[in-house]
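Enquirer: next one to model:
(one chain, ligands or ions: 1)
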Amino acid sequence: MNKLSIKDLDLRGKRVLIRVDFNVPLKDGVVEDETRIRGALPTINYAMEQGGRVLLASHLGRPKGERAEKYSLRPVAGHLSLLLGQPVAFAEDCIGPDVKAKVDALKDGDVLLLENLRFHPEEEKNDETFAKELAALCDVYVNDAFGAAHRAHASTAGITKYVGQAAAGLLMEKELEYLGRVIKDPAHPFVAILGGAKVSDKIAVINALIDRRVDKLLIGGAMAYTFFKAQGFTVGKSLVEDDKMPTALEIIERAKAAGVELLLPTDHQVVDSFDPLQSKKTIPIEFTNAGLVGLDIGAETVDLFSRALADAKTVIWNGPMGVFEEKALGFDQGTVGVARAVAEAADRGATVIVGGGDSVAAVNDAGVAERITHISTGGGATLEFLAGDELPGVAALNDK
Ligand code: AMP
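Expert: You can find the predicted model right below:
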C-alpha cells in the first residue's frame with residue numbers, strides 16, 4: 001500500500017482523530033451487533049499504547065443533518081469502554097467549544113468519542129468550514145472507516161486538507177490489502193458469488209470482474225430473476241428490474257466472450273403470492289408459473305454452487321441468495337448453505353472474502369466466520385473498490 005499508515009506516525013502526546021465506522025444497529029440504547037466496534041479495536045488500542053490522545057468520530061444511521069436521540073453514539077461509548085477495559089469519555093457534539101474543552105482535558109492514552117457526525121448536514125456535504133473545525137481538534141488524522149471510504153464527506157475527505165498528516169488505520173490497511181490482492185493478482189480459479197436484490201447495484205462490479213478474468217460468476221438472490229426474464233423464462237411475481245434486462249443480456253454475452261462460466265440457479269423456493277405462508281415449495285426454475293414468487297435458491301442450486309467452488313483458489317461473495325431476513329420461514333437456507341460452502345473452500349486453502357451486511361450475517365449465523373479469510377466491513381465501499389473505483393476516503397490520505 002502506498003498510503004501513509006498509522007504505524008508511520010509518531011503519536012505520543014498527539015491528539016489523534018480516528019474516523020471509525022461505528023454505524024452499528026442499536027435497540028433501546030443497546031448495541032445489537034458489535035462487529036464494527038471490534039473491527040476498530042486494533043487501531044484504537046495501538047493509538048492508546050503509543051500514548052496518543054484518542055478522539056473517535058463516526059456517523060450512525062441517517063439522521064439527515066439533525067440531532068435525533070435514537071441516532072446518538074452515546075450507547076456506543078459505554079459499549080466501547082467495556083471492550084477496551086477503560087473509561088471512554090463522550091462529547092455531546094463533534095465540533096464546538098465544549099468538545100474543544102473535552103479534547104484539551106485528554107491525557108496520553110485517553111479516549112473520547114464524539115457525537116454523530118451526521119447531526120450536522122455539513123458532514124455529508126463535505127463542507128469546508130466544518131471539515132476545518134474537525135481538523136482543528138487534532139494533530140493527526142487516521143481513517144479506519146473503510147465502510148465509509150466511498151463517500152467524500154467532511155470526515156473522510158475534506159478534513160485531510162487541514163491536518164498535518166492523514167494516514168490509514170489498521171483495519172483500513174487490512175481491507176485494502178485483501179481486496180487489493182483480489183483486484184491485482186487473484187489466484188485462479190477465481191470465483192465470485194453475487195446476490196441481493198438489485199442488478200443495478202452490481203453491474204459495475206460484474207463488468208470489472210469479467211475484465212479481471214474471474215473464472216466463474218455465480219448469481220443468486222432476486223438479481224437472478226432479471227437474468228432469467230431477459231432470457232424468456234417465466235419468473236412469476238419474483239422481483240425483476242425490467243429496465244435492466246438488456247444489461248443482463250449484455251453481461252451474459254460478455255461473460256461468454258471472455259470464457260467466464262456464468263452460473264444461475266437451477267431451482268428455487270417459491271410461494272404462491274395468494275397464500276405465502278402455506279404454499280412454500282422448491283421447484284426447478286423452469287416450472288415457475290405466473291402466480292409464484294421466488295424467495296430463495298433451492299438445495300440443488302446450493303449443491304451446484306458448492307461444486308463450482310471445489311477447486312477455487314480465490315472466492316469473493318457479496319449479497320444474499322434469498323430473502324435471508326425471513327429466517328422463520330426458512331428463506332435463509334440458500335444463503336446459509338452458501339456460507340458453509342465458502343467456508344469449506346477456505347478450509348481447502350482458498351482465499352475467501354465475504355462482504356456486505358447480509359452475507360456477513362449469514363456467515364455468523366452459520367457459525368463459520370472464523371474460517372473465512374477476510375470478512376470485509378464495507379458494503380458499498382467493497383463493491384466500488386472491487387469495481388476498480390478509487391475510493392475518495394482512501395485517495396485523500398497522504399502517500400507514504
Ligand atoms: P442488496 O442490498 O442488493 O444486497 O440486497 C439485499 C436484499 O435482497 C435483502 O434484503 C434480501 O431480502 C433481498 N433479496 C434477496 N433475494 C431476494 C428475492 N428472491 N426476492 C426478494 N428479495 C430478495
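Enquirer: so which residues on the stretch 301-400 of the chain come close to the ligand?
Expert: Within reach of the ligand by Cβ under 6 Å from any ligand atom, the stretch 301-400 of the chain has these residues: 319-320, 322-325, 356, 358. For every residue, glycine as well, the C-beta is placed using N, CA and C.
Enquirer: now Glu123. Nearest residue, chain neighbours left out?
Expert: Setting aside the residues directly before and after it, Glu123 is nearest to Leu117 in space (Cβ to Cβ, 6 or more residues apart in numbering), at 4.4 Å.
Enquirer: can you check Ala345 too?
Expert: Per Cβ to Cβ, 6+ apart, closest to Ala345 is Leu309, 4.4 Å.
Enquirer: that neighbour - how many residues pack around it?
Expert: Using other Cβ atoms under 10 Å, Leu309 has 23 neighbouring residues.
Enquirer: distance of it relative to Val352?
Expert: 9 Å (Cβ to Cβ, to the nearest Å).
Enquirer: where do the contact lists of those two overlap?
Expert: Common contacts of Leu309 and Val352 (Cβ atoms under 8 Å, 6 or more residues apart in numbering): 315, 342, 345.
Enquirer: domains for the chain, by residue range?
Expert: Per the record, the chain has its domains at 6-171, 179-386, by automatic domain parsing.
Enquirer: I'd like the ones you listed laid out as a markdown table, including mean pLDDT.
Expert: Formatted as a markdown table, those follow (pLDDT from 0 to 100):
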| stretch | mean pLDDT |
| --- | --- |
| domain 6-171 | 97 |
| domain 179-386 | 95 |
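Enquirer: closest to Val394 out of the ones you listed?
Expert: Val394 sits nearest to domain 6-171 of all the domains of the chain, at 5.4 Å, using Cβ to Cβ.
Enquirer: quick one on the thing from earlier: the shared contacts of Leu309 and Val352 in strands, which ones?
Expert: The strands, defined by DSSP state E, take in Val315 from the shared contacts of Leu309 and Val352.
Enquirer: so which of the shared contacts of Leu309 and Val352 is the most crowded?
Expert: When neighbours are counted by other Cβ under 10 Å, Val342 leads those with 30 neighbours.
Enquirer: circling back: could you turn the buried ones of the residues of the stretch 301-400 of the chain next to the ligand into a ChimeraX selection?
Expert: Typed into ChimeraX, the line below selects the buried ones among these, using 16 or more other Cβ atoms under 10 Å:
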select :319,320,322,323,324,356,358
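Enquirer: so in terms of bridging, what pairs with the closest residue to Lys174 other than its chain neighbours?
Expert: Residue nearest to Lys174 in three dimensions, not counting chain neighbours: His374, with 7.4 Å by Cβ to Cβ, 6+ apart. On the basis of DSSP bridges, His374 is bridged to Ile353.
Enquirer: His374 touches Ala346, doesn't it?
Expert: No - contact criterion Cβ atoms under 8 Å: His374 and Ala346 do not qualify, at 9.7 Å.
Enquirer: so what's the residue count around Trp317?
Expert: Around Trp317 there are 32 other residues, counting by other Cβ under 10 Å.
Enquirer: repeat for Pro276
Expert: Other residues lying near Pro276 total 14 when counted by other Cβ under 10 Å.
Enquirer: wouldn't Lys100 be in contact with Cys138 here?
Expert: No - with contacts counted by Cβ under 8 Å, Lys100 stays clear of Cys138, the gap being 11.0 Å.
Enquirer: with neighbour numbers in mind, choose between the two.
Expert: Remark: of Lys100 and Cys138, Cys138 carries more neighbours, 24 against 14, as counted by other Cβ under 10 Å.
Enquirer: mind listing what the residue lying closest to the more buried one once chain neighbours are set aside touches?
Expert: Nearest residue to Cys138 in three dimensions, chain neighbours excluded: Leu17, at 3.6 Å (Cβ to Cβ, 6+ apart). Counting by Cβ under 8 Å, 6+ apart, Leu17 touches 55-57, 134-135, 137-138, 140-142, 159, 163.
Enquirer: how about 6 Å then?
Expert: Leu17 makes contact with 55, 138, 141 under the criterion Cβ atoms under 6 Å, 6 or more residues apart in numbering.
Enquirer: which of these come close to the ligand?
Expert: Okay, of the contacts of Leu17, nothing touches the ligand (Cβ under 6 Å from any ligand atom).
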